[in-house]
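Trainee: need a 3D model of the sequence below.
(one chain, ligands or ions: 2)
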Amino acid sequence: MTEPTRPEFHVLQADVFAANTTLIVRDNTVVIVDAGVGVTGQVTSLIERNGWDPLGLFITHGHVDHTWDAAELSAALDIPVLIHEADRYHLDDPFGIDPDFPERRDPSRMLVQAFASFGLRPDLFTTPNRIETLGSDAAVESSIGQVWGGQWRWIAAPGHTPGATIYVFGDEADSAALPLACTGDVLFARSVGRTDLPGGDHRIMADTLEMLCTALRSETLLIPGHGPTTTMGDELTFNPYLRSGMM
Ligand SMILES: [Zn+2]
Ligand SMILES: [Zn+2]
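Mentor: Residues are numbered from 1 along each chain as shown. Ligands and ions are numbered 1, 2, ... in the order given. Here you go, the predicted structure:
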């Protein structure tokens, strides 16, 4: 019997906040998770070199260190951008400065300040042309669910942002592969995402983390939005935020 393997994946690290952009490859097709600042050239050349067929850009959440290149990448590869409905507004107003949406405003301007030192100004952000949302549109979910014969799933994981989403690949019961999950800014190696940015919620995050302890199998490889990969089993053992059951 051959040892089960994981789906093929490649992680590219952006200069800004070292955000990870991940390519998951299956049967010569590829799904991209997140679009860090300036990664478009690297992603497209990797795809061209390997002759992969790109299927979609899956966004873990709306913060611009994960979405800055979404418009460029989506246009260059002619693929849709998939994001949870609750974070959809970030693609129009990623810094929370649009006066037409007072409920989403960030009066503290924390996001503007956080990215200003990298030269990422609100007027330089481009909204992608092709956006599809999870959590609100059954037709989109059933059509995007066909990707890889449905051998992937998404988990709503609010707390860091309202629409934070975890994408799990190769987790079906009859799979010969070991699963891997892109956890965005929800779960990191030995840490978890902050909840003090606009839209963050400490209590909701605690519920999400408790849910993940059973939703992700311990052999699942975790590819966080920042930092090194880990496994769910290691995090259940060593991550203080999961062990205490409370953040
Ligand atoms: Zn974030
Ligand atoms: Zn981030």
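Trainee: quick check: residues of the protein near ligand 2?
Mentor: For the chain, the residues in contact with ligand 2 (CB under 5 Å from the ion) are D65, D185, G225. Backbone N, C-alpha and C define where each C-beta goes, glycine included.
Trainee: output those as CSV; include the columns distance to T214, neighbour count and secondary structure.
Mentor: Formatted as CSV, the residues of the chain next to ligand 2 follow (distance: CB to CB, whole Å; neighbours: other CB atoms under 10 Å; DSSP: H, G, I helix; E, B strand; the rest coil):
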residue, distance to T214, neighbour count, secondary structure
D65, 29, 24, helix
D185, 21, 26, coil
G225, 22, 28, coil
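Trainee: which of the residues you listed are close to ligand 1?
Mentor: Answer for the residues of the chain next to ligand 2 near ligand 1 (CB under 5 Å from the ion): D185.
Trainee: save the residues of the chain next to ligand 2 as a markdown table, and put in pLDDT too.
Mentor: Shown next, in a markdown table, are the residues of the chain next to ligand 2 (pLDDT from 0 to 100):
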| residue | pLDDT |
| --- | --- |
| D65 | 96 |
| D185 | 98 |
| G225 | 98 |
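Trainee: could you dump the residues of the chain next to ligand 2 into CSV with distance to P179 added?
Mentor: Listed next are the residues of the chain next to ligand 2 as CSV, based on distance: CB to CB, whole Å:
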residue, distance to P179
D65, 25
D185, 20
G225, 18
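Trainee: neighbours of E48, how many?
Mentor: Residues near E48, counting by other CB atoms under 10 Å, number 10.
Trainee: for it, what are its contacts?
Mentor: By CB atoms under 8 Å, 6 or more residues apart in numbering, the contact set of E48 is empty.
Trainee: make sure it is indeed in a helix.
Mentor: Yes - under DSSP: H, G, I helix; E, B strand; the rest coil, E48 falls within a helix.
Trainee: P198 versus that one, what's the distance?
Mentor: E48 sits 38 Å away from P198, going by CB to CB, to the nearest Å.
Trainee: isn't E72 right next to T40, touching?
Mentor: Yes - E72 is within contact range of T40, at 4.7 Å (criterion: CB atoms under 8 Å).
Trainee: who's more crowded, those two?
Mentor: Applying other CB under 10 Å to E72 and T40 shows that T40 carries more neighbours, namely 21 against 18.
Trainee: and the longest helix seen in the chain, what does it pack onto?
Mentor: Using DSSP state H, we find that the single longest helix of the chain is helix 202-215. In terms of contacts (3 or more CB pairs under 8 Å, 6 or more residues apart in numbering; DSSP states H and E), helix 202-215 is packed against helix 240-243.
Trainee: residues in contact with L55?
Mentor: T29, V30, V31, I79, V147, W148.
Trainee: so who does the third one touch?
Mentor: Spelled out, that is V31. V31 neighbours (CB under 8 Å, 6+ apart): L23, I24, P54, L55, G56, L57, F58, V147, W148, W152, Y167, F169.
Trainee: neighbour-wise, which of those residues leads?
Mentor: F169 (30 neighbours).
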